[in-house]
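# Provide a 3D model corresponding to the input given below.
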Amino acid sequence: MKKPSWAFWTVGILALLWNGFGGYDYYMTQSNNEAYLADYDQEMIAWMQAFPGWRTALWALGVWSAVLASVLMLLRKAWAAPLFVVGPVAIVIGLIQDVSAGGLGYYGATGLAMSGVICLVAVFLAWYAHRQKRLGVLK
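Here you go, the predicted structure:
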């Protein structure tokens, strides 16, 4: 097994922090934490609460697979690579659903830009984990 570089550990820790916040956001949103949701527009909250079950499950799958993938990457397990692919796929499917269901107005420019950043980070992490697997860092 190849020894990981300092960059590997840096990316791994940042991935866990980034995806850990995603898990925190998911939990706080799904638990309807009033303090956390105080800055959200009431229409946005109502829209998210009206998600069909499969859409909420898709959100959970994307978030928690990324958290697990981050932990597995830090443990240098090869399963991190395919798990990191779940996130971008879930994000794209979710965005397609949201836009086709008229959700673009709820996102706004900032929300749409943030969704783009989240997707780009997820794609980068999937690429990075697969690269580390090919290099023998993940086994």
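
# who's in contact with the residue lying closest to Trp9 once chain neighbours are set aside?
Spatial nearest neighbour of Trp9, excluding adjacent residues (Cβ to Cβ, 6 or more residues apart in numbering): Leu74 at 7.8 Å. C-betas here are computed from N, CA, C, even on glycine. By Cβ atoms under 8 Å, 6 or more residues apart in numbering, Leu74 lies in contact with Trp9, Gly12, Ile13, Leu16.

# Let's verify the third one: helix, strand, or coil?
So the one you mean is Ile13. helix (DSSP: H, G, I helix; E, B strand; the rest coil).

# What's the separation between it and Gln30?
Computed as Cβ to Cβ, to the nearest Å, the Ile13 to Gln30 distance reads 26 Å.

# In terms of secondary structure, what does the least confident helix or strand in the chain by mean pLDDT contact?
Lowest by mean pLDDT, DSSP states H and E among the helices and strands of the chain is helix 42-49, with a mean of 91. If contacts are counted by 3 or more Cβ pairs under 8 Å, 6 or more residues apart in numbering; DSSP states H and E, helix 42-49 sits against helix 104-134.

# again, only this time at 10 Å
helix 6-30, helix 34-37, helix 53-74, helix 104-134 (3 or more Cβ pairs under 10 Å, 6 or more residues apart in numbering; DSSP states H and E).

# Let me see the mean pLDDT of stretch 125-136.
For stretch 125-136, the mean pLDDT works out to 98.

# With only the CA atoms kept, save it in CSV.
Below are the C-alpha coordinates for stretch 125-136, written out as CSV (Å, rounded to 0.1, in the frame of the first residue of the first chain):
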residue,chain,number,x,y,z
LEU,A,125,-13.9,14.3,-4.5
ALA,A,126,-15.1,11.4,-6.6
TRP,A,127,-12.3,12.0,-9.1
TYR,A,128,-9.7,12.4,-6.3
ALA,A,129,-10.8,9.2,-4.5
HIS,A,130,-10.7,7.2,-7.8
ARG,A,131,-7.2,8.6,-8.5
GLN,A,132,-6.0,7.7,-5.0
LYS,A,133,-7.4,4.2,-5.5
ARG,A,134,-5.5,3.8,-8.9
LEU,A,135,-2.3,5.1,-7.2
GLY,A,136,-2.6,2.4,-4.5
